[in-house]
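Novice: sequence? don't have it. structure:
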C-alpha cells in the first residue's frame, strides 16, 4: 500500500486522486490528512518544503511533487496518463503544463489575501494573476477541441479538470460564464473521469 498525504482542497491533490481512480489503483493507495500550516506535522520530514501531495512508498521513501507522483502511479498500472514518446507526448505534457501553470496562478491569487496579515491585499499582484488566468482560459476556449481526451491518455485532461474545479471552488475566476466550449468540455469530464464527484473539494 502507498500512503498519500493530502488536503482535499488542494488542486494538486485532486489531480493525484483522479489519477488513482483513472488508473484503477484505489485499493493500493490510502490517504492521510496533512496540515501544511503545522510546522510539527510529519509532512515536513517527508518533504522539506512541507508541500502536498506527498506519496509515501512501502519502503518509506517519499515522492513529490504531483508530476513525479503521476509518473510513479502510471508505472504501477497497465493504463497510461501520457503517450510514451514522440510529438504526441510533447503535446500532452505541454497541455498538462498549461493546467499546472493556471493552478499556480490561482493558488498565488488565493494566498495573496490569506497571508497578507494586517496589510492591504496586494491588488496589483492579484490582478496580474487574474490576467494570466483569463488569458489561459481564453486560449482554452479556442483550443479545447484539440485537448487530449480521457482515453487513452488522461493526464492532461485530469490536470485541467483539477484546475477548473479549483477556480470555481475558490471563486478565483468565472471561467465558464462566457466560454461555452470550455464549459461543455468540463461537463464531459464530469461524466467521463472516474472519481470526479468524490474527489471534488469541499
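Specialist: Nice, I can see it. If you're wondering where the values come from, they're calculated on a predicted model, not measured in any experiment. Numbering: from 1, shown residues only.
Novice: following the worst-scoring helix or strand of the chain on mean pLDDT, which helix or strand comes up?
Specialist: Scoring the helices and strands of the chain by mean pLDDT, DSSP states H and E places helix 43-46 at the bottom, with a mean of 94. Sequence-wise, the next helix or strand downstream of helix 43-46 (DSSP states H and E) is strand 54-56.
Novice: tell me the strands beside the helix or strand following that following strand, with direction?
Specialist: Next along the chain after strand 54-56, taking DSSP H and E as the criterion, comes strand 62-63. Strands that pair with strand 62-63, judged by DSSP bridges, come out as strand 54-56 (antiparallel).
Novice: can you give the domain ranges for this protein?
Specialist: Following automatic domain parsing, the chain resolves into domains at 2-74, 86-192.
Novice: residue 58: what's it in contact with?
Specialist: Applying Cβ atoms under 8 Å, 6 or more residues apart in numbering to residue 58 gives the contacts 1, 2. Where you see a C-beta, it was placed from the backbone N, CA and C, and this is true even at glycine.
Novice: run through the neighbouring helices and strands of the lengthiest helix in the chain.
Specialist: If you go by DSSP state H, the chain has its longest helix at helix 86-114. In terms of contacts (3 or more Cβ pairs under 8 Å, 6 or more residues apart in numbering; DSSP states H and E), helix 86-114 is packed against helix 11-23, helix 123-143, helix 155-169.
Novice: looking at this protein, which residue lies furthest from center?
Specialist: Distance from the centre of the chain peaks at residue 118, with 30.2 Å (Cα atoms, centre = their mean).
Novice: gap between it and residue 145?
Specialist: For residue 118, the distance to residue 145 equals 47 Å [Cβ to Cβ, to the nearest Å].
Novice: equivalent analysis for residue 27, please.
Specialist: Going from residue 27 to residue 145 by Cβ to Cβ gives 35 Å.
Novice: ditto for residue 193
Specialist: From residue 193 over to residue 145 the distance is 18 Å, taken as Cβ to Cβ.
Novice: who has more neighbours, these two?
Specialist: residue 193 (19 against 7; other Cβ atoms under 10 Å).
Novice: where does pLDDT dip in this structure?
Specialist: By pLDDT under 70, the chain has no low-scoring segment.
Novice: wait, what's in contact with the nearest residue to residue 4 once chain neighbours are set aside?
Specialist: Spatially, and ignoring its direct neighbours in sequence, residue 4 is nearest to residue 31 (4.9 Å; Cβ to Cβ, 6 or more residues apart in numbering). Neighbour list for residue 31: 3, 4, 6, 17 [criterion: Cβ under 8 Å, 6+ apart].
Novice: isn't the last one right next to residue 199, touching?
Specialist: Yes - taking Cβ atoms under 8 Å as the definition, residue 17 is a contact partner of residue 199 at 4.2 Å.
Novice: the least confident helix or strand of the chain packs against which elements?
Specialist: For helix 43-46, the packing partners by 3+ Cβ pairs under 8 Å, 6+ apart are strand 54-56.
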